[in-house]
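[1] Take a look and give me a structure for this.
(chains A and B)
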Amino acid sequence: MNKAFESRTRLGIMSVLMVNDDADFTTLKQLLELTDGNLASHARALEDQGYISCEKRFVGRKPNTVYRVTPKGREAFKEHLAALEQFVKEQK
Amino acid sequence: MDNNDALRDIKDIKSMMERSSRFKSISGWGVALAGLIALAAAWVAYKIFSDGTLFGDTHYLWEYKTRVAVWGSLILVVVCGLIVMLSSLLLARRQGERLQIDKAMRRTIFNFSVPLLAGGILCLALVLNGYYGLTSSVMLIFYGLALINCHHSSLPMLGTLGYLELLLGLIDCFVATHALLLWAIGFGLLHLAFGIYLIAANNRT
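    Numbering: from 1, shown residues only, chains lettered A, B, ... in the order given. Below is the predicted model:
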């Protein structure tokens, strides 16, 4: 199991990014029902691990942050999911 | 971490992936209403053609009656499409789905519209050139393809519906005498059934 994915928030961020090419800050915030600070700090943690990349840009004058999963993050998340499933199987 | 935690995590991951990538707010009432309208239209068309209670049964009117029926059905398809889209938008707004309203919905509408528009234009060309015979099968086939094309970003059941419509359309190509019946099944009965299924499914959750 990967410690980086133990928080439910990070699990949620990764799940959304695995099936979407990208997601912006507001979308993620609303979808996962998070506060600004909460999402920002968890996203930062994932970014520091190199699991997601973050691109800041402007839409008109409004700043907009777009997140993507990195190949490393994709691999790590798949492994984590496989470990979870393995764990459940063994407990049965 | 115990077994329940792991199971809950897996469930969360799956549901979050689903919710963020699929547009599932399709209104069952809208679809069922479209089905009813199509059935009613098919019944009117049947009256016009078969027992001659509408427009009379004189042979020289045949061309005129066909034109009315084909144009009528084209307009009907557009009206029904609008009903389903508007009722689905209302449903989506009421359910308060977020990302769905954004990317997944746009992708679904785009993937659905491309084959449908191509089919619509082909139909128009057929009608303008006086080839009425194949219009019902072209409508069914392209509508089926449109559903198949968009079901990955929407309800998986749309795929099943799409394959059924496609099958009906292909049968219709060869069984020229039952165009109206197949059209009524494809656009009427199937939509009514699908609409009722959606209403039941929405009530369960």
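[2] Just give me the neighbour total for A:Phe25.
    Using other Cβ atoms under 10 Å in any protein chain shown, the number of residues around A:Phe25 comes to 18. Where you see a C-beta, it was placed from the backbone N, CA and C, and this is true even at glycine.
[3] ok, now B:Val79?
    So B:Val79, with other Cβ under 10 Å, has 13 neighbours.
[4] what do you get for B:Ser153?
    22.
[5] Let me see the contact set for it.
    B:Ser21, B:Arg22, B:Phe23, B:Ala104, B:Arg107, B:Thr108, B:Asn111 (Cβ atoms under 8 Å, 6 or more residues apart in numbering or on different chains).
[6] Show the pLDDT at the first one.
    In this case it means B:Ser21. Note on B:Ser21: pLDDT of 81.
[7] my read: it touches A:Asn20, true?
    Yes: look at B:Ser21 against A:Asn20 with Cβ atoms under 8 Å: they come within range, at 6.0 Å.
[8] Up against chain B, what does chain A have?
    For chain A, the contact set with chain B under Cβ under 8 Å from any Cβ of the partner chain comprises A:1, A:6, A:8, A:11-12, A:15-16, A:18-20, A:23, A:27, A:30-32, A:81, A:84-85, A:87-88, A:91.
[9] Spatially nearest residue to A:Gln49 (excluding sequence neighbours)?
    Nearest residue to A:Gln49, sequence neighbours excluded (Cβ to Cβ, 6 or more residues apart in numbering or on different chains): A:Ala4, at 5.2 Å.
[10] Help me confirm that the one you found comes into contact with A:His42.
    No: counting by Cβ under 8 Å, A:Ala4 sits too far from A:His42 to count as a contact (10.0 Å).
[11] Contact partners for the nearest residue to B:Trp183 once chain neighbours are set aside?
    Using Cβ to Cβ, 6+ apart and skipping the chain neighbours, the partner closest in space to B:Trp183 is B:Ser136 (4.6 Å). Going by Cβ under 8 Å, 6+ apart, B:Ser136 touches B:Ser73, B:Gly169, B:Asp172, B:Ala179, B:Leu180, B:Leu182, B:Trp183.
[12] swap in A:Phe25?
    Going by Cβ under 8 Å, 6+ apart, A:Phe25 touches A:Leu39, A:Ala40, A:Ala43, A:Asn64, A:Thr65, A:Val66, A:Tyr67.
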